[in-house]
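> How does the following fold in three dimensions:
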Amino acid sequence: MSHIVASLGTAGIIGIIFAETGLLIGFFLPGDSLLVAAGAFAAPGRHLVGGTNVHLNIGVLLVGCFVAAAAGAQVGYAIGAKAGPALFNRPNSRFFKPEYVARAQRYFAHYGNVTVVLARFIPVVRTFANPVAGVSRMKAWSFALYNVAGALLWTTLVLLLGYFIGNSVKDTYLIPAVIVVSFIPIGIEFLRQRRHASAASAAGAAGAAGAAAPPEFP
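Here you go, the predicted structure:
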């Protein structure tokens with residue numbers, strides 16, 4: 001991870017954050033893990049990690065990643081608003097799957113506009129929630145407000161979490177700690193999806209059983 005951060009540099013990290021939140025093909029990029037690692041390697045005494053010279057400025061990261069996350073989401077919203085429903089009526093492909101859109105739509109159905117904020121902490125949904133908001137014609141000013149709030153919370157909290165890890169964890173355990181922390185959102189979303197699939201399966205089974213049952217007469 002230190003080699004990746006060192007190779008990308010601050011500009012590369014900011015660029016990936018923009019792409020993950022603004023471009024549909026960016027959903028596979030490691031936004032959470034990259035922010036945690038960047039924050040860790042910006043901590044004092046972490047300029048040399050695993051033999052790699054990594055010198056990042058936490059202030060520049062906080063501002064740059066926030067701007068990139070907010071601007072990227074606005075681009076995603078604009079793509080959805082301009083392309084409309086046709087954007088999501090494309091067949092399954094290597095990079096695009098309708099289930100990603102359906103996942104984002106479920107969050108909007110359950111949480112409403114707050115999804116724009118919550119989605120920041122959920123891999124994949126983070127990318128597709130923005131164009132879904134555009135397709136659904138969410139008011140531009142409302143999206144911008146939630147977008148800025150979500151971008152600020154996500155980038156600040158995750159970068160500072162990494163910064164705290166970098167200050168607190170010994171070199172030997174730094175990389176494993178970064179990996180474990182960055183996979184927490186993925187694990188939570190995986191469990192949520194399994195629960196949703198189980199509930200849908202149970203509901204389908206109950207419906208089928210009800211349809212097969214003979215009518216009751218008084």
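> quick one: the strands in the protein?
Using DSSP state E, the strands found in the chain span residues 48-49, 52-53.
> Out of those, name the one with the poorest average pLDDT.
For the strands of the chain, mean pLDDT drops lowest on strand 48-49, to a mean of 52.
> How many neighbouring residues does Lys139 have?
If you count neighbours by other C-beta atoms under 10 Å, Lys139 ends up with 10. For the C-beta atoms, the positions are set from N, CA and C on the backbone; glycine is no exception.
> go on, the one 4 residues further on?
By the criterion of other C-beta under 10 Å, Phe143 has 23 neighbours.
> List the contacts of it.
Gln74, Tyr77, Asn113, Val116, Ala133, Gly134 (C-beta atoms under 8 Å, 6 or more residues apart in numbering).
> Just the residues you listed: which are in helices?
Using DSSP state H, the members of the contacts of Phe143 that fall within helices are Gln74, Tyr77, Val116, Ala133, Gly134.
> From those, pick the one nearest Arg126.
Nearest to Arg126 among those is Val116, at 10.0 Å by C-beta to C-beta.
> So the closest one is in contact with Leu153, correct?
No. The pair Val116 / Leu153 is not scored as a contact, 11.1 Å apart, by C-beta atoms under 8 Å.
> if I look at Phe41, how far off is Gly31?
With distances taken as C-beta to C-beta, to the nearest Å, Phe41 is found 16 Å from Gly31.
> any chance of the ones in helices among the contacts of Phe143 in CSV, plus neighbour count, distance to Pro85 and pLDDT?
Below are the ones in helices among the contacts of Phe143 laid out as CSV (neighbours: other C-beta atoms under 10 Å; distance: C-beta to C-beta, whole Å; pLDDT from 0 to 100):
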residue, neighbour count, distance to Pro85, pLDDT
Gln74, 20, 20, 95
Tyr77, 24, 15, 93
Val116, 28, 19, 91
Ala133, 27, 13, 89
Gly134, 23, 11, 89
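> Touching, Ile79 and Leu24? I think so.
Yes. At 7.4 Å, Ile79 counts as touching Leu24 under the criterion of C-beta under 8 Å.
> Quickly list what's touching both of those two.
Pro131.
> Report the helix or strand with the lowest average pLDDT across the protein.
Least confident helix or strand of the chain, by mean pLDDT, DSSP states H and E, is strand 48-49 with a mean of 52.
> Flag every buried residue along stretch 140-149.
Phe143, Ala144, Tyr146, Asn147, Val148 (16 or more other C-beta atoms under 10 Å).
> Tell me where the model's unsure across this structure.
For the chain, the stretches flagged by pLDDT under 70 are 1-3, 26-27, 45-53, 87-97, 169-179, 181-218.
> can you map out the helices along this structure?
Taking DSSP H as the test, the helices found in the chain are 2-22, 31-40, 58-83, 98-111, 115-118, 125-135, 140-168, 171-212.
> elements contacting the fifth one?
Using 3 or more C-beta pairs under 8 Å, 6 or more residues apart in numbering; DSSP states H and E as the contact test, the elements touching helix 115-118 are helix 98-111, helix 125-135, helix 140-168.
> how about 6 Å then?
Applying 3 or more C-beta pairs under 6 Å, 6 or more residues apart in numbering; DSSP states H and E, we find helix 115-118 packed against helix 98-111, helix 140-168.
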